[in-house]
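Asker: mind folding the following:
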Amino acid sequence: MALIETHDLWKTYVMGEEEIHALRGVSIEIDSGEYVAIMGPSGSGKSTLMNLIGCLDTPSKGSYLLNGKQVSQMNDDELARIRNEEIGFVFQTFNLLPRATALHNVELPLVYGGVTGKARQERAQQALEKVELMSRATHRPSELSGGQRQRVAIARALVNNPSILLADEPTGNLDSKTGTEIMGIFDRLHQGGNTIIVVTHEADVAAYAHRVVSIRDGQVEKDVRRAA
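Answerer: Numbers count the residues shown, from 1 in each chain. Prediction:
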């Protein structure tokens, strides 16, 4: 059974009198342990697809199964639980709390999940160790470089041991050297068994993935696997 299975997924937005079809019948399967890039130009529908896979939005029609569960029919509470437990998000803008330390930022998903103090701290420390940033655990975001902030964001995404790591333009705010370091972390995490989906418009970022799904005009244009 595939980890992610979408069948004839549509997303339509109504703008005044006009209907905008952001997705037009997308059917894809992604297995556990895959490293996939979703690529496409601005307005192609790739961000809409990411929002549906990440349970940040619901489809207009079609079905989406995550780990065999029918996501397209879940209510808001069920979607929130899936987002917190099954999916780790990494955003271009880091989305860190400015007044909180790196460690506390990483702990946040566990706070929402009701994990208690000591266990929470231990798991957050383990996640920071995975991204080689334990030495900066007590620093606030303003005291960290862009690359270090993105490492904190990746650690926060990992702390719940999610089924999927979903990264949206993860190197978009970084210089090329730092971007290469961050993509190196994703490589290591994938080798460690994590399922990774990167949404990007940059070919050099997509090149790290083992499979590239190209989206254009709301449809899958190409789906290419490269030899491992």
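
Asker: give the buried residues for stretch 49-66.
Answerer: 49-55, 57-60, 62, 64-66 (16 or more other CB atoms under 10 Å). Any C-beta I mention is one placed from the backbone N, CA and C, and that applies to glycine too.

Asker: residue contacts, the most centrally placed residue in the chain?
Answerer: The chain has Leu166 as the residue nearest its centroid, 1.3 Å off, counting by CA atoms, centre = their mean. Listed by CB atoms under 8 Å, 6 or more residues apart in numbering, the contact set of Leu166 reads 50, 53-54, 87-90, 157, 197, 199.

Asker: just the ones of those in helices?
Answerer: 50, 53, 157 (DSSP state H).

Asker: ok, the second one touching Pro59?
Answerer: So the one you mean is Ile53. No - using CB atoms under 8 Å, Ile53 is not in contact with Pro59; the gap is 10.4 Å.

Asker: ranges for the helices of the chain?
Answerer: Going by DSSP H, the chain shows helices at 46-53, 76-85, 102-112, 117-130, 146-158, 176-191, 203-206.

Asker: neighbouring contacts of the shortest one?
Answerer: Think helix 203-206. With CB under 8 Å, 6+ apart as the contact definition, helix 203-206 has outside contacts at 37, 39, 169-171, 179, 183, 198, 200, 212.

Asker: for Glu132, state which of those is nearest.
Answerer: Closest to Glu132 out of the contacts of helix 203-206 is Met183 (14.3 Å), distances taken as CB to CB.

Asker: helix or strand with the lowest mean pLDDT in the chain?
Answerer: Using mean pLDDT, DSSP states H and E, helix 76-85 stands out as the lowest-scoring helix or strand of the chain, at a mean of 88.

Asker: who touches that one?
Answerer: The contact list for helix 76-85 (CB under 8 Å, 6+ apart) reads 54-56, 58, 66, 69, 71, 74, 89, 109, 112-113, 160, 162.

Asker: list the buried residues for it?
Answerer: So, applying 16+ other CB under 10 Å, buried residues of helix 76-85: 79, 82-84.

Asker: of the residues you listed, which is the nearest to Lys118?
Answerer: Asn84 (20.2 Å).

Asker: any idea how far Pro109 is from that closest one?
Answerer: Using CB to CB, to the nearest Å, we find Asn84 at a distance of 6 Å from Pro109.

Asker: need the overlap of contacts for those two.
Answerer: Applying CB under 8 Å, 6+ apart, one finds that Asn84 and Pro109 are jointly contacted by Asn160.

Asker: how many residues are close by Glu202?
Answerer: If you count neighbours by other CB atoms under 10 Å, Glu202 ends up with 14.

Asker: should've said Thr6
Answerer: When neighbours are counted by other CB under 10 Å, Thr6 comes out with 25.

Asker: try Ala124
Answerer: Per other CB under 10 Å, the neighbour tally for Ala124 reads 27.

Asker: let me know whether it touches Val106 as I believe.
Answerer: Yes - with contact defined as CB under 8 Å, Ala124 and Val106 form a contacting pair (4.2 Å).

Asker: what residues do the two have in common as contacts?
Answerer: Jointly contacting Ala124 and Val106 under the rule CB under 8 Å, 6+ apart are 155, 159.

Asker: returning to that earlier point: which one of the buried residues of stretch 49-66 is nearest Val224?
Answerer: The closest of the buried residues of stretch 49-66 to Val224 turns out to be Leu49 (CB to CB; 16.5 Å).

Asker: so for the closest one, what's the pLDDT?
Answerer: You'll see Leu49 listed with a pLDDT of 95.
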